[in-house]
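Engineer: When you get a sec, could you give me coordinates for this:
(chains A and B)
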Amino acid sequence: MFFSIMSGRSMHSILVGLFCLAIASAICCSSVGSSYFIRRCLESERHALLQFKQDLVDDSNALASWENMKDCCKWRGIACNNQTGHVTTLDFSFSYDPYLNSTEVPLRGEMSPSLLELRYLSYLDLSYNDFGGMIIPKFIGSLSQLKELKLADANFSGPVPPQLGNLSNLHTLDLSWNELVSSESIEWLSHLSSLRYLNMSDVDLSKVVNWPQSLSKLTSLIELQLLVCRLPDVNLRSLSFINSSTSLQVLDLSSNSLNSSVFHWIANVSNNFVNIQLSSNLLKGPIPDVFTSMLSLVALDLSYNQLEGGIPEGFQNLCSLESLTLLSNSLSENIIDSIKTLSCAENTLETLNLRENQFWGSLPNLKRFSKLRELDLSSNQLNGSLPESVGQLSSLEQLFLSENSLTGVITESHFLNLSRLQMLSLSDNRFSINLSSDWNPPFQLSGALDMSGYKLGPAFPKWILTQTNLTRLYLSNAGLSGLLPNKFWDLCSGLVYLNLSMNQIHGKVPNLSTTSLFRVDLSSNLLSGAVPSIPRRLSRLDLSKNLFSGPPSSLCTTLTLPPSNLYALDLSENLLSGELPNCWIQFQNLEQLNLGRNKLSGMIPSSLGSIQGIAVLRLNRNNFSGELPSLENCTSLVMVDLGDNNLSGKIPTWIGQSLIDLTILHLRSNEFNGSIPSSLCGLAAIHVLDLSHNNISGGLPHCFNNISVLAINSLYSTFIMELVWKGIEIEFGKNLLGMRSIDISSNYLIGEIPQSIESMTELISLNLSRNYLTGKLPENFGNMKMLESLDLSRNQISGKIPASFSRLNFLGVLDVSHNHLSGRIPLSTQLQSFNASAYMANLGLCGPPLTQICPGDGTAQDDGITRGSDTDNKEHDTDGLISLGFFISTALGFVTGFWVVCGSLLLKSSRRYAYFKFLDDSRDWVYVKTAAHRAKMERRLQRWMVMSFWHGV
Amino acid sequence: MASFPLSLVSFSLTFLFFLSPALSTNSEGNALHALRSRFNDATNVLQSWDPTLVNPCTWFHVTCDANNHVIRLDLGNSNISGSLGPELGQLKHLEYLELYRNDIGGKIPKELGNLKNLVSMDLYGNRFEGKIPKSFSKLKSLRFLRLNNNKLSGSIPRELTGLSNLKVFDVSNNDLCGTIPVDGPFSTFSMESFENNRLSGPELQGLVPYDFGC
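Structural biologist: Predicted structure coming up:
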């Protein structure tokens, strides 16, 4: 540095002299101490630095050295020029280590303009600190010597100052992961002609429509990172790129909303690409040929787009490719062709990820891809068998083939040389597994093993027990039965995820409280004994559908502070008995609790009411008794299922007042009494309200119009719940989201069905049967046009069935039997489709499908049953079916028909001949028949004569 | 442009996938899902028809019996367009097929004749064209057959006279030709059921060809 400043022909003689001087002083000073050779920091700069520090809050004393030492060049984060002593580097990015070094927290505060004193500053890195949302100060644009400026993830916000364009020496600029906005232009960037690295990820560039032009001017740029920039969708095809950069090698435009025209820009901007990342955009259509000429391409990521077709043939030119990631597109091609296309990269390819596409066909020999480390072909449509040559891929670390239709036998030779394998997933295929019980695998998995869905049992495979470094083990539905070996539970100590669901595993579960398990699913087995105590780190535990018994008291025993991490606990469908412990205050993170279908008894513990975040509470099908504890504070509750217990008392008013997010309230089959509190109408988000089979008395609330919303979709899509739907108990999953059902059947309700019920236009199922309801049905009942199931049977409802019923054209189940209804059943395709039993045992209903003929009608068949005419949605009284309009139209039809026929007969003699011949012939034909038949035919003929007038012949 | 044939390919692949015998445990759900893919469902009436569910009994507009067999399909007045396909013939337990007043076109698949338990078939108020399938004569339980207000052509299959349970028959407002059967249940149907067609009059066995005027 020193010499370079002095270089110059005119200075040649001075240079020689200075050189001698330097040597002399070096010799002189070496006896005193080498430290004196390096200049100490300048007082003015030292002062400026201390001023800079003054505006910062240093919570973890990260800048302790700034107080202990005088020489600012030795302070943490500072470096000086060896010769001049000027501060050249300010690097505070050390506070980034959130996982490993948790004792150090980011510096907070503001950025002081005292930095301007550091006139020789060439490297400024304040990344990963917390500047409290301040705007990047304009003065940074005056630090004219800056070569690198890094302000990543430092909580800056607001607009990017265009003054940064003055930093003409800048070769690295990183403003990523702040909440920065760039207004209309990034024109300032084009002044940074030396820029080699630019990262503006997460800067909002949504208004910068000329971004392609601005970036194309950066002719020295080597790496460009613009992830999540909301880059506006401009048609890049229409642009020309005359002064395009040719140096760009690394490009990451992931997570924008770019369309396929970006390929056009890429093709023109550089030919030297090494790494291109375009995942999570809106790329559609086939993968274009633009990559074909990028001979130095090493990595390409086009994941999470909507690309179609196969891997273009031009990829045959890509002989340096190390990583190809195309996951989650709609690519569809015979995998043999895809692999063939990549043959030039067979000595370089390390990662091939085609997960979640529609590649099909059977896998070819992959042996020559000797460098392959990661092969992910899950969730495609591959079939055929897995070639044994996979076992030759000695570099392979990750092999994912789940969710295909692969067949054949998996043997030890498939893994012959896979000594580096860390993760293996073969689930959801149609393989059969033939691995001997004393197989000694060449690998020691350190990640995941997923062999769900294969018959590995009945005994637990010994070779899995040798994999002591496993962290995730999925052996769901693997035909395992009997006891688990003790060694398995040793293996558990290192596991984080464990899924052994849907096997036939017997025995007890040991104490797991010392493990690091995070998620455990042992559901649908034959496990017995007491519920194990819960490890503190455990987040999800599913032991449902087993034979666990006794009171679940162990839930409380091991728990001490800090509170359990448990988020979801499912112990449903076991044989648990006795009372629930009252220690739920310790489960403050619990969001889903399912203890349904056991034999638990006693009161529901009051401490459940202290879990503020609980969303799902299921205690159904137990023997709980007594009144409900207050759950008033559990305002996050979405689902409360307490059905089929012996709970009593009144339905609490706080349900409608506090639990405003409740979507499912299931109190079916208990002994609740009293009347329905009108506060229940406050449940604006309710999907399923089931109060049936209780002792509820009084009238229906008159405020149904308040819950007419019935449409907010706040339900968890993972819920599974049994509902009585169309008269049958059935397990609902996903479609609970769309369900809108009210069931208050089998109670002691009295009074009328309130008119406000008409406003529940989204209601799909309504059951008020088996009560003591009286009065008439609301006239506009048919407004509930989504109704698919309606049961009002076994009440004392009187009056007519309102004509609006004919509007219920989705009705698939109807029962109004055993009431006091009378009058004609309205006509519609739906209403007449039901059996007579739907209407039976009323006072005076008539008309089809009942055989009772309404007074004044002829035969039931003549006019009662609807044709496919337009009677359905018309609400005219059906007594007037044969109306004036009918006669007029008949008369009109007759007149028109008459003149069409007769007129044409008059005009066209050939036709006249044919017509009369037809009639004559038919008479002749009639005569040859027997007398009885003849009379019948003549009657018909008369009828059809009229017909023929209607249409002409 | 290129996406069209590809989506067609993927659709037909999906379709084959659903028909493959190894996965036919939920054949009724698969049939309905295949039907859905033929429909254009402007108002999302079929949103709940998720083929990943165990059976279609929790789908809206579908009714099952206690054995989880589909017995009703209630989709009248649903703003559906598109067409029907042969897969509907797999709903062996179907009793009510209510597709009236939509915008469904194309031919009525002859496979509907396989629905031996069908009580009611309401296809009226659509854009169906082509002939009334002869296979309907196999629908021995049929009581309601309403095909009016479509664009059906050809003659009324004479074989329908064997449907002894037929109570309501309506083919008015179509483009049917030939004569009208007189036997079996047809002796009871009123003339309104046949109006606005090109029908020539009652069948006169042995005298005039059945297809007279076609």
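Engineer: going forward, measure contacts between C-alpha atoms and count neighbours the same way
Structural biologist: Will do.
Engineer: And the nearest residue to residue A:808 once chain neighbours are set aside, how far from chain B?
Structural biologist: Closest residue to residue A:808 apart from its sequence neighbours, by C-alpha to C-alpha, 6 or more residues apart in numbering or on different chains: residue A:785 at 5.1 Å. Using C-alpha to the nearest C-alpha, to the nearest Å, residue A:785 is found at 11 Å from chain B.
Engineer: can you check residue A:748 too?
Structural biologist: As judged by C-alpha to the nearest C-alpha, residue A:748 and chain B stand 28 Å apart.
Engineer: Next up, the contacts around that residue.
Structural biologist: A:695-698, A:771-772 (C-alpha atoms under 8 Å, 6 or more residues apart in numbering or on different chains).
Engineer: where along chain B do the strands fall?
Structural biologist: Assigned by DSSP state E, the strands in chain B fall at B:39-41, B:62-64, B:70-74, B:80-83, B:96-98, B:103-107, B:120-122, B:127-130, B:144-146, B:151-155, B:168-170, B:175-180, B:198-202.
Engineer: May I see those arranged in TSV, with distance to chain A, mean neighbour count and mean pLDDT as well?
Structural biologist: Shown next, in TSV, are the strands of chain B (distance: least, C-alpha to the nearest C-alpha, whole Å; neighbours: other C-alpha atoms under 10 Å in any protein chain shown; pLDDT from 0 to 100):
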stretch	distance to chain A	mean neighbour count	mean pLDDT
strand B:39-41	16	16	94
strand B:62-64	6	24	96
strand B:70-74	5	23	96
strand B:80-83	14	20	95
strand B:96-98	8	24	97
strand B:103-107	16	19	96
strand B:120-122	7	24	97
strand B:127-130	14	20	96
strand B:144-146	5	24	96
strand B:151-155	15	22	94
strand B:168-170	6	24	95
strand B:175-180	9	23	92
strand B:198-202	5	25	85
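Engineer: related to what we said a few turns ago, out of the contacts of residue A:748, flag the one nearest to chain B.
Structural biologist: Chain B has its nearest neighbour among these in residue A:771, at 24.9 Å by C-alpha to the nearest C-alpha.
Engineer: ok so, going back, need the three-state assignment for the residue nearest to residue A:808.
Structural biologist: Classification of residue A:785 using DSSP: H, G, I helix; E, B strand; the rest coil returns coil.
Engineer: cool, residue A:491 as well?
Structural biologist: helix.
Engineer: gap between it and chain B?
Structural biologist: Counting by C-alpha to the nearest C-alpha, the gap from residue A:491 to chain B is 34 Å.
Engineer: same question, residue A:438
Structural biologist: Going from residue A:438 to chain B by C-alpha to the nearest C-alpha gives 33 Å.
Engineer: next one: residue A:262
Structural biologist: Taking C-alpha to the nearest C-alpha, one finds residue A:262 at 18 Å from chain B.
Engineer: Just the pLDDT at that residue, thanks.
Structural biologist: Residue A:262 is assigned 89 on the pLDDT scale.
Engineer: Let me know how buried it is, in neighbour terms.
Structural biologist: Counted with other C-alpha atoms under 10 Å in any protein chain shown, the neighbours of residue A:262 add up to 18.
Engineer: Surely residue A:657 is in contact with residue A:679?
Structural biologist: Yes: counting by C-alpha atoms under 8 Å, residue A:657 touches residue A:679, with 6.2 Å between them.
Engineer: So which of the strands of chain B is nearest residue A:851?
Structural biologist: strand B:168-170 (15.4 Å; C-alpha to C-alpha).
Engineer: Pairing partners for that closest one, with directions?
Structural biologist: Looking at strand B:168-170 with DSSP bridges, its partner strands are strand B:144-146 (parallel).
Engineer: returning to what we had before: how deep is the residue nearest to residue A:808 tucked in, by neighbour count?
Structural biologist: For residue A:785, using other C-alpha under 10 Å, the count is 21.
Engineer: Next: residue A:694.
Structural biologist: 23.
Engineer: what's the burial count for the residue nearest to residue A:311 when sequence neighbours are not counted?
Structural biologist: Nearest residue to residue A:311, sequence neighbours excluded (C-alpha to C-alpha, 6+ apart): residue A:338, at 5.8 Å. Here the count is done by other C-alpha under 10 Å, and residue A:338 has 18 residues near it.
Engineer: Repeat that for the one 10 residues further on.
Structural biologist: Residue crowding around residue A:348 was assessed by other C-alpha under 10 Å; the count is 19.
Engineer: Mind pulling up the pLDDT for it?
Structural biologist: pLDDT, residue A:348: 96.
Engineer: same thing with the one 10 residues further on?
Structural biologist: According to the model's per-residue confidence, residue A:358 sits at a pLDDT of 96.
Engineer: which SSE is it in?
Structural biologist: Assignment of secondary structure by DSSP states H and E places residue A:358 within no helix or strand.
Engineer: Verify the stated contact: it with residue A:380.
Structural biologist: Yes: Residue A:358 is within contact range of residue A:380, at 4.8 Å (criterion: C-alpha under 8 Å).
Engineer: what's the spacing between residue B:94 and chain A?
Structural biologist: Using C-alpha to the nearest C-alpha, we find residue B:94 at a distance of 12 Å from chain A.
Engineer: Excluding chain neighbours, what is closest to that residue?
Structural biologist: residue B:71 is the one closest to residue B:94 (C-alpha to C-alpha, 6+ apart), at 4.0 Å.
Engineer: residues contacting that neighbour?
Structural biologist: Counting by C-alpha under 8 Å, 6+ apart, residue B:71 has contacts B:62-65, B:93-96.
Engineer: what do you get for residue A:325?
Structural biologist: Neighbouring residues of residue A:325 by C-alpha under 8 Å, 6+ apart: A:300-303, A:351-354.
Engineer: so what's it scoring on pLDDT?
Structural biologist: Residue A:325 is assigned 97 on the pLDDT scale.
Engineer: And for the closest residue in space to residue A:779 that isn't next to it in sequence, the neighbour number?
Structural biologist: Residue nearest to residue A:779 in three dimensions, not counting chain neighbours: residue A:802, with 5.4 Å by C-alpha to C-alpha, 6+ apart. If you count neighbours by other C-alpha under 10 Å, residue A:802 ends up with 19.
Engineer: Cross-check the contact I'm expecting between residue A:802 and residue A:780.
Structural biologist: Yes: with contact defined as C-alpha under 8 Å, residue A:802 reaches residue A:780; the gap is 7.2 Å.
Engineer: what ranges do the strands span in the stretch 301-450 of chain A?
Structural biologist: In the stretch 301-450 of chain A, the strands defined using DSSP state E, counting those that start in this stretch lie at A:306-309, A:323-325, A:330-331, A:351-353, A:360-362, A:374-376, A:381-383, A:398-400, A:409-411, A:423-425, A:432-434, A:448-450.
Engineer: Give me the number of neighbouring residues for residue A:198.
Structural biologist: By other C-alpha under 10 Å, the residues close to residue A:198 number 24.
Engineer: Could you do residue B:138 as well?
Structural biologist: Based on other C-alpha under 10 Å, the number of other residues close to residue B:138 is 19.
Engineer: Do I have it right that it meets residue B:111?
Structural biologist: No: distance between residue B:138 and residue B:111: 10.4 Å, which falls outside the contact criterion (C-alpha under 8 Å).
Engineer: Could I get the full set of helices for the stretch 601-750 of chain A?
Structural biologist: All helices of the stretch 601-750 of chain A, identified by DSSP state H, counting those that start in this stretch, fall at A:654-658.
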